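S.K.: Give me a 3D structure for the following:
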Amino acid sequence: MSKKKAFALRMNEEMLKAVEKWASDEFRSTNGQIEWMLKQCLKENNRLPKSKKNTPNKSDS
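M.R.: Residues are numbered from 1 along each chain as shown. Sure, this is the predicted structure:
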């Protein structure tokens, strides 16, 4: 499991309320919902970092 790093996130009140509602509808925390949303966006745009498990080791070549 990768290490998580905390940081401050500022957003307008209406956007936060929408994210909180969506999180509630999906039975997630607001933080969990934001993480899920970011991961989906990264996947859709082929920006998701490759996992270390799938990266070939140079000594295996």
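S.K.: Let me know the secondary structure of Cys41.
M.R.: helix (DSSP: H, G, I helix; E, B strand; the rest coil).
S.K.: Does the spatially closest residue to it that is not a sequence neighbour fall in a helix, a strand, or a coil region?
M.R.: Counting by Cβ to Cβ, 6 or more residues apart in numbering, Arg47 is the residue found nearest to Cys41 once chain neighbours are left out, at 7.9 Å. The way it works is simple: take the backbone N, C-alpha and C, and place the C-beta from them, glycine included. Judged by three-state DSSP, the three-state class of Arg47 is coil.
S.K.: separation between Arg47 and Asn12?
M.R.: 24 Å (Cβ to Cβ, to the nearest Å).
S.K.: and stretch 39-53, how far out from the chain's middle?
M.R.: 9 Å (Cα atoms, centre = their mean, to the nearest Å).
S.K.: Quick check: buried residues in that stretch?
M.R.: Neighbour-count burial for stretch 39-53, counted by 16 or more other Cβ atoms under 10 Å, picks out no residue.
S.K.: try stretch 15-30
M.R.: For stretch 15-30, by 16+ other Cβ under 10 Å, it's Val19, Ala23.
S.K.: Name the residues that touch it?
M.R.: Met11, Gly32, Gln33, Ile34, Trp36, Met37 (Cβ atoms under 8 Å, 6 or more residues apart in numbering).
S.K.: could you redo the last one with a cut-off of 6 Å?
M.R.: Gln33 (Cβ atoms under 6 Å, 6 or more residues apart in numbering).
S.K.: and that stretch, average pLDDT?
M.R.: Per-residue pLDDT values over stretch 15-30 give a mean of 98.
S.K.: where do the helices sit along the chain?
M.R.: Here the chain has its helices, by DSSP state H, at 13-25, 30-44.
S.K.: Can I get stretch 36-47 as CSV, trimmed to CA atoms?
M.R.: Extracted C-alpha coordinates of stretch 36-47, given in CSV (Å, rounded to 0.1, in the frame of the first residue of the first chain):
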residue,chain,number,x,y,z
TRP,A,36,-11.9,8.2,-6.1
MET,A,37,-12.7,11.1,-8.3
LEU,A,38,-9.1,12.0,-8.9
LYS,A,39,-8.1,8.4,-9.6
GLN,A,40,-10.9,8.1,-12.2
CYS,A,41,-9.8,11.3,-13.9
LEU,A,42,-6.2,10.1,-13.9
LYS,A,43,-7.3,6.8,-15.5
GLU,A,44,-9.4,8.4,-18.1
ASN,A,45,-6.6,10.6,-19.2
ASN,A,46,-3.9,7.9,-19.1
ARG,A,47,-2.1,9.8,-16.3
